[in-house]
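A.B. asks: dropping a prediction and its sequence here:
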Amino acid sequence: MEQAKFVQNRIQSRAYRLVKPHEVIETVLEKQMHDWDVVVEPTLGSVCHADLRYFSGQRRAEVLEKKLPMALIHEGIGIVKSSGTPAVKTGQRVVIVPNIQGYMLDGTDPMNCCESCRSGKGVNYCTRGRFLGSGTDGIAQSRLVFPAASAIPIPDEVPDEIAVLTELSSVSYQALHHVADALKSAQVVVFGDGPVGYLAAAMLHHVYGVSQDRLTVFGAVPEKLAQFEFATRRLVQDYDFSKGEKYDVALECTGGKFSESAINQAIEVLNPGGHLILMGVTEERVPINTRDVLEKGITMRGSSRSSIDDFIPVLEAMKDLQCQKTLRKLLPDERTQIQSAEDFAHVMEFAESNRGWKKILLNFKW
């Protein structure tokens, strides 16, 4: 197929679109570029469990019917091919911020958007926004057209394979900044030894300065838990939660069928007045021990996305070689080359059936 091209401010893009679970086709999308937009060619993407829930059909039928067809992937970086603003230059490497607020799409300001944006409650809750790869076409396409403010230049010190982890890392940063003051002295515990738990722990250590003596991680798989060298590690199946240490801040990063046990174990180990941050995603309702939540005065907060402001400090931290060393443990030995819809479907099938600890990186060749 002919390479994407610019046609009188109309942008054509090759897209690998999921049309139904397990079925991906290549199609051509046409978009309008505004003065406040950039055109980015995605170069490197990363597969998230959220992508797999769409691909495998684990989302509810009514959700799939509403959102498909759709190009997946929301974790990624690319090269700017055209820019309507001097703040982002053609040829720059950029991280793609997938959470785009309505006022940015309109090229205006928050006061002209929804109540959440006008009130300053948080752009994460914009009712007019779009999220790439969830309701609107994501990064698995040759030309992304989106607001220039959502294209964050990558510092020269940060290599591509580290920068592609920015989005997932920024989600942890967003969740944690609400308790930033407490983190200066708090005892902190993370439940979950997967990539979400690992990056949350990494942000606690490298961005918020939580040292090993104040940071504990609970996990179920010894091989995974061993990777958390910068934290105190505990195997959840060998631990007596009724007699163990107490904590001030807890993060639940397990998701799925393990959410219930992790949330209730976190409630058990939290001190009175403690904070519980929920980051694990599950499609099921989860029963929790509300009695202890009430008696301890625990504050619970959910967090699943991030915004532009969360990407900046994460990229700054990624300049540090020690931070890069920590993050490299999540990187695969090889990147998967993606040159067709068949390549994309194949790697998603692999990811679905081989849910390993390391991320799967997609090297797009357009």
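C.D. replies: Alright, I've got the coordinates.

A.B. asks: any idea how far residue 168 is from residue 334?
C.D. replies: 20 Å (CB to CB, to the nearest Å). C-beta: built from backbone N, CA, C; applies to glycine.

A.B. asks: looking at these two, which is more packed in?
C.D. replies: More crowded of residue 334 and residue 168, by other CB atoms under 10 Å: residue 168, with 22 against 9.

A.B. asks: how about residues contacting the helix or strand hosting that one?
C.D. replies: Using DSSP states H and E, residue 168 maps to helix 166-177. Residues outside helix 166-177 that contact it (CB atoms under 8 Å, 6 or more residues apart in numbering): 46, 48, 74-77, 95-98, 124, 152, 183, 195-196, 199-200, 202-204, 207-208, 251, 277, 279, 301, 303-307, 310-311, 313-315, 318, 327.

A.B. asks: if you set the cut-off to 6 Å instead, what comes out?
C.D. replies: With contact meaning CB atoms under 6 Å, 6 or more residues apart in numbering, helix 166-177 is reached by 75, 95, 199-200, 203, 277, 279, 303, 306, 310-311, 314-315.

A.B. asks: run the chain-centre distance for that helix.
C.D. replies: Put simply, helix 166-177 sits 7 Å off its chain's centre (CA atoms, centre = their mean, to the nearest Å).

A.B. asks: ranges for the helices of the stretch 101-250 of the chain?
C.D. replies: 102-106, 115-119, 160-163, 166-177, 195-206, 222-225 (DSSP state H, counting those that start in this stretch).

A.B. asks: turn those helices into TSV, including mean pLDDT and distance to residue 40.
C.D. replies: Below are the helices of the stretch 101-250 of the chain laid out as TSV (pLDDT from 0 to 100; distance: least, CB to CB, whole Å):
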stretch	mean pLDDT	distance to residue 40
helix 102-106	88	15
helix 115-119	87	24
helix 160-163	97	13
helix 166-177	93	14
helix 195-206	94	23
helix 222-225	92	33
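
A.B. asks: just name the closest of the contacts of helix 166-177 to residue 179, please.
C.D. replies: Using CB to CB, the shortest approach to residue 179 within the contacts of helix 166-177 belongs to residue 277, at 7.2 Å.

A.B. asks: can you pull up the bridge partners for that closest one?
C.D. replies: Beta-bridge partners for residue 277, by DSSP bridges, are residue 251, residue 301.

A.B. asks: now it: how far from residue 334?
C.D. replies: Applying CB to CB, the value for residue 277 to residue 334 is 34 Å.

A.B. asks: same question for residue 355.
C.D. replies: 18 Å.

A.B. asks: give me the contact list for stretch 280-296.
C.D. replies: Residues outside stretch 280-296 that contact it (CB under 6 Å, 6+ apart) are 252, 253, 254, 255, 256, 259, 260, 263, 264, 267, 272.

A.B. asks: max pairwise distance over those residues: which two?
C.D. replies: So, the contacts of stretch 280-296 by CB to CB: farthest apart are 256 and 272, at 29.3 Å.

A.B. asks: if you count surrounding residues, which of those two has more?
C.D. replies: Just comparing residue 256 and residue 272: by other CB under 10 Å the higher neighbour count belongs to residue 256, 15 against 11.
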